[in-house]
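this is a predicted model, with the sequence first.
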Amino acid sequence: MPVILDRATRPGAVPINADLLPVPGGETRFLFLHGKGEFRHEIVRTSHYQPELKTIAGNGDGPRRKHECIATLDLDEDHANSRGDVVVTIDDIVIGSCPRTLTTQFREWLKRWHLSHAMVKCSAVIVMVADRSGTNGPNYRVKIDIELPFRMTVE
């Protein structure tokens, strides 16, 4: 059964002991970040992943100009040139990074709750934007739905 952790946003909410969050045996903890359906955070560097986004979202013909999906947010600790990015994947395919403002808050939040090794997911939408000049194909943008301060469900 999922547990909703909402210490900072609800009046009278009971603080949660962060020691209860790690999973025994080193298994991965799965978290889902809540949003309000507003998709305010646009993923950066999606221009490098246009073919991947086209594969995930389809070609955008007809009414399918929006593709709703689930994104995974992952700390980029392994890459030698990493600037502390939060890499965003959809269907296990890298499609960009979180914007810097969100990255800083996200990293601090994970550290405060001892969740650096958790798999964090959230709602996302891939939006196809047509090229008005007609010379290029469609451009794909990705927005994620995350409420600040962070609220999550532990699965």
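Ah, there it is.

shaky segments in the protein?
For the chain, the stretches flagged by pLDDT under 70 are 1-27, 59-64, 78-83, 133-135.

so which elements touch the helix or strand where L31 lies?
Assigned by DSSP states H and E, L31 belongs to strand 30-33. Applying 3 or more Cβ pairs under 8 Å, 6 or more residues apart in numbering; DSSP states H and E, we find strand 30-33 packed against strand 119-129, strand 152-154. Quick note: C-beta positions are derived from backbone N, CA and C, even for glycine.

what packs against the first one?
What that stands for is strand 119-129. With contacts taken as 3+ Cβ pairs under 8 Å, 6+ apart, strand 119-129 sits against strand 30-33, helix 50-57, strand 66-75, strand 86-90, strand 139-145.

and of the ones you listed, who's closest to T153?
When these are compared by Cβ to Cβ, strand 30-33 sits nearest T153, at 4.6 Å.

strand partners (parallel or antiparallel) of that closest one?
Counting by DSSP bridges, the strands paired with strand 30-33 are strand 119-129 (parallel), strand 152-154 (antiparallel).

can you give me the buried ones in the lengthiest helix in the chain?
Using DSSP state H, we find that the single longest helix of the chain is helix 100-112. In terms of neighbour count (16 or more other Cβ atoms under 10 Å), helix 100-112 has its buried residues at 102-103, 105-107, 109-110.

save the strands paired with strand 30-33 as TSV, and put in distance to Q50 too.
Shown next, in TSV, are the strands paired with strand 30-33 (distance: least, Cβ to Cβ, whole Å):
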stretch	distance to Q50
strand 119-129	11
strand 152-154	30
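
tabulate the ones you listed (JSON lines), appending mean neighbour count.
Conversion of those to JSON lines gives the following (neighbours: other Cβ atoms under 10 Å):
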{"stretch": "strand 119-129", "mean neighbour count": "19"}
{"stretch": "strand 152-154", "mean neighbour count": "19"}
